[in-house]
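Peer 1: Dropping a prediction and its sequence here:
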Amino acid sequence: MANKIVRIILIIILFVIFFEVGLFSSYTIVTSEAPNIQGLIDMQIQKISSIFNPENVNEALIKDPTPVNITNKKDVALQMENMSKVDGVNVDSMNVTTRDDTSNKNITVSIEALGYASPNSTSGQIIISQDPSYKIIASADATYRGNGLMVDTDKMTITSVLKLYK
């Protein structure tokens, strides 16, 4: 029984040594410099200890965004339209979420909405489509005011404009 435990411990030690030698040699190949062995070992110990640190459990967990209602949807849609250079933004499709604590006065929100392109003309005919052409994602700061949550359209930034294909 003791012989099996010694073998398992020996295999674990050999695995760690093999891993460390591979780490140091790859560091040398990538950076063309001699590795700082103490710095690399300290970095590994810090990363491993941060995994088991109970204070960092909330940072490791991925939280689902909380949907929020805003009062100035039309202003936000107009600003998204101007910034993303689309011809229209559907207010009904607007989805506003946050990962911040909603009890705070100032929160950062993520805004997703569908955008429309101008009508296409094909061989002399104008084809008007009701299908959205773009998905626009923006982020902005929002504050609670007297009548509800208001998005600051001056500080809004467009994160991405995705082309939708049918």
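Peer 2: All right, it came through fine.
Peer 1: The longest helix that the chain contains: what's the following helix or strand?
Peer 2: Longest helix of the chain, by residue count under DSSP state H: helix 2-31. Next helix or strand after helix 2-31 toward the C-terminus (DSSP states H and E): helix 37-51.
Peer 1: what's the angle between that following helix and helix 2-31?
Peer 2: Going by axes from the mean of the first three to the mean of the last three Cα atoms, to 10 degrees, helix 37-51 is angled at 120 degrees with respect to helix 2-31.
Peer 1: now for the longest helix of the chain, which elements pack on it?
Peer 2: helix 37-51 (3 or more Cβ pairs under 8 Å, 6 or more residues apart in numbering; DSSP states H and E). Quick note: C-beta positions are derived from backbone N, CA and C, even for glycine.
Peer 1: mind checking how far the helix it packs on is from the chain centre?
Peer 2: 26 Å (Cα atoms, centre = their mean, to the nearest Å).
Peer 1: Can you mark which positions in the helix or strand containing Ile137 are buried?
Peer 2: In the assignment (DSSP H and E), Ile137 maps to strand 134-145. If you call a residue buried by 16 or more other Cβ atoms under 10 Å, then strand 134-145 has these buried ones: Tyr134, Ile136, Ile137, Ala138, Ala140, Asp141, Ala142.
Peer 1: Would you mind listing the buried residues in the longest helix of the chain?
Peer 2: Applying a neighbour-count criterion of 16+ other Cβ under 10 Å, one finds Phe24, Tyr27 buried in helix 2-31.
Peer 1: returning to that earlier point: closest to Val16 among the buried residues of strand 134-145?
Peer 2: Ile137 (43.5 Å; Cβ to Cβ).
Peer 1: who's in contact with that closest one?
Peer 2: By Cβ atoms under 8 Å, 6 or more residues apart in numbering, the residues touching Ile137 are Ser110, Ile111, Glu112, Ile158, Thr159, Ser160, Val161, Leu162.
Peer 1: Regarding the last one, what is its secondary structure?
Peer 2: Which is Leu162. strand (DSSP: H, G, I helix; E, B strand; the rest coil).
Peer 1: My read is that it contacts Lys135, right?
Peer 2: Yes - the pair Leu162 / Lys135 is scored as a contact, 4.4 Å apart, by Cβ atoms under 8 Å.
Peer 1: quick one: pLDDT of the residue nearest to Ile41 when sequence neighbours are not counted?
Peer 2: Nearest residue to Ile41, sequence neighbours excluded (Cβ to Cβ, 6 or more residues apart in numbering): Glu20, at 7.9 Å. Here the pLDDT value assigned to Glu20 is 87.
Peer 1: Glu20 and Val6: what is the separation?
Peer 2: 21 Å (Cβ to Cβ, to the nearest Å).
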